[in-house]
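Engineer: any chance you could fold what I've pasted below:
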Amino acid sequence: MLPGERSDLIWQGYLPVENSPQLWNPKSGLVFNSNNTPFQASEAADNLKPADFSASMGLQTNMTNRAWRALETYGADRALTDARFRAHKYDVAFSDRSSVMAMVREVLAVDPKGDADLAEAQRILRAWNKQADRANRGAALAALMSQPILFAHSNGDPAPTPIDSLRAAIKTLKTHFGRLDPEWGQINRIRRGKVDLPIDGAADTFRSVWGKPQKDGTTTADGGDTFVMFVTWDKAGALRSESIHQFGAATLDAASPHYADQTPLFVAMKTKPVRFTEDQLKGHIKVDYRPGER
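Structural biologist: Numbering: from 1, shown residues only. Now for the predicted structure:
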C-alpha cells in the first residue's frame, strides 16, 4: 500500500510492449496459454524467468488444470501427428497437480462419521479415473463439487469449502437423479433452440465446458470451448484449415437453419473444412447473390 497524496508515486505513460512477457521461437517448439502464468508456457528450459520481471506488474503465477494438461499432453508428446494434436485438444482429464484433484484429496480425507451418503461419495471419487467423458460415472460428483469453487475463484467471490460443495452436489444428484453416480452426460448438456445434447468435458478440462446450473439438476454449457480452428501448412506452404462453432453461423436468428446446425459436430469433436477458393466452394454453394438483391 502506498500513500495516495504523493504525485511522484503516480505512474506516467505505459509499459513498453517489449517489456511485457514474450516467448519467441522456443527451442522446444511448444508455446501455449490456458489462462495460466506466463512463466510456464513452454518446456522448462525455454520458460521465462520471474526474476526478469518486476513484481509490480502483478503477473499471474498460478496454473490451471488446462495448463497442466497442455504440458502432460502436447508437452510430453515426442511424436506429434495431426491426429494426436487433435486428440490432445479434446482431452477431458484432470491432472494430479490440478486444484480439482486437490479438492478431491481433501474431501477423501474427511471422516464420514456414519454419513452413508458421504461415504458412498468418497467411494465413487476414490475409484474415479479423473476423466470427464459423457459416460463417466465419477465425473458428476467431482465436477459438481469443484465447479462452484472454480467459478467463485474466477469471479473473485467467496468460495464454499470442498466438503460443503460436495454435500451440495450429493443433495442435487440424489434429488434429481436418484443416485450419486449418474452418467456425466445426463447432467452436462449443451442446449441451443431445440437441440439438447450430452457433451464431454467440464470446467477447466482442456475440452472446456463450464456449465450453468439448471433447476432440474442439469447444467447447460455456458462457457469454455466455442469456435475451434485447426490450421496446417505443408512443406510447400499450401494451407489447409478446418473449423467448428458450438452453435452455427446464425448467432442471432433462431429461425435460421444455421442457428444450431454445427452443434452435433461440435459435440462429436469433429470439424468441417474451411473452403477458401472458388474451386473448393464448387458444389457447396446454396445461394449466389449480391448484397441488397432479393
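
Engineer: and residue 206, how far from residue 230?
Structural biologist: 14 Å (C-beta to C-beta, to the nearest Å). C-beta: built from backbone N, CA, C; applies to glycine.

Engineer: neighbour count winner among those two?
Structural biologist: residue 206 (26 against 15; other C-beta atoms under 10 Å).

Engineer: per-residue confidence for that one?
Structural biologist: Residue 206 is assigned 96 on the pLDDT scale.

Engineer: phi and psi next, for the residue lying closest to it once chain neighbours are set aside.
Structural biologist: Excluding the flanking residues, the one nearest residue 206 by C-beta to C-beta, 6 or more residues apart in numbering is residue 91, at 4.1 Å. Dihedral pair for residue 91: phi -60, psi 140, per degrees, to the nearest 10.

Engineer: neighbours around residue 91, how many?
Structural biologist: So residue 91, with other C-beta under 10 Å, has 22 neighbours.

Engineer: so what's it up against?
Structural biologist: 69, 73, 205, 206, 207 (C-beta atoms under 8 Å, 6 or more residues apart in numbering).

Engineer: and residue 220, which of the three is it?
Structural biologist: Following DSSP: H, G, I helix; E, B strand; the rest coil, we place residue 220 in the strand state.

Engineer: so it bridges to which residues?
Structural biologist: Beta-bridge partners for residue 220, by DSSP bridges, are residue 189, residue 212.

Engineer: what about the spatially most central residue of the chain, distance to residue 91?
Structural biologist: Nearest to the centroid of the C-alpha atoms of the chain, with distances taken as C-alpha atoms, centre = their mean, sits residue 208, at 2.3 Å. Taking C-beta to C-beta as the measure, residue 208 falls 10 Å from residue 91.

Engineer: ok, residue 237 next?
Structural biologist: 30 Å.

Engineer: please apply the same query to residue 252.
Structural biologist: Using C-beta to C-beta, residue 252 is found at 32 Å from residue 91.

Engineer: same question, residue 71
Structural biologist: Distance of residue 71 to residue 91, given as C-beta to C-beta: 12 Å.

Engineer: same check, this time on residue 142
Structural biologist: For residue 142 relative to residue 91 (C-beta to C-beta), the value is 16 Å.

Engineer: run through the helices of the stretch 101-250 of the chain in chain order.
Structural biologist: Using DSSP state H, counting those that start in this stretch, the helices of the stretch 101-250 of the chain run over 116-127, 139-155, 162-177, 184-187.

Engineer: mind listing what's buried in stretch 260-271?
Structural biologist: For stretch 260-271, the neighbour count (16 or more other C-beta atoms under 10 Å) marks 260, 261, 262, 263, 266, 267, 269, 271 as buried.

Engineer: and for stretch 245-263?
Structural biologist: For stretch 245-263, by 16+ other C-beta under 10 Å, it's 245, 246, 247, 248, 259, 260, 261, 262, 263.

Engineer: how about stretch 158-178?
Structural biologist: Of the residues in stretch 158-178, those buried by neighbour count under the rule 16+ other C-beta under 10 Å are 159, 162, 165, 166, 167, 169, 170, 172, 173, 177.

Engineer: just give the closest residue to the first one, not the sequence neighbours.
Structural biologist: What that stands for is residue 159. Nearest to residue 159 is residue 152, by C-beta to C-beta, 6+ apart, at 3.6 Å.

Engineer: what about that neighbour, neighbour count?
Structural biologist: Look at residue 152: counted by other C-beta under 10 Å, it has 14 neighbours.

Engineer: residue 243 now?
Structural biologist: By the measure other C-beta under 10 Å, the count of residues near residue 243 is 14.

Engineer: quickly list what it is bridged to.
Structural biologist: residue 229, residue 272.

Engineer: what's the distance between it and residue 167?
Structural biologist: For residue 243, the distance to residue 167 - C-beta to C-beta - is 42 Å.

Engineer: noted, bye for now.
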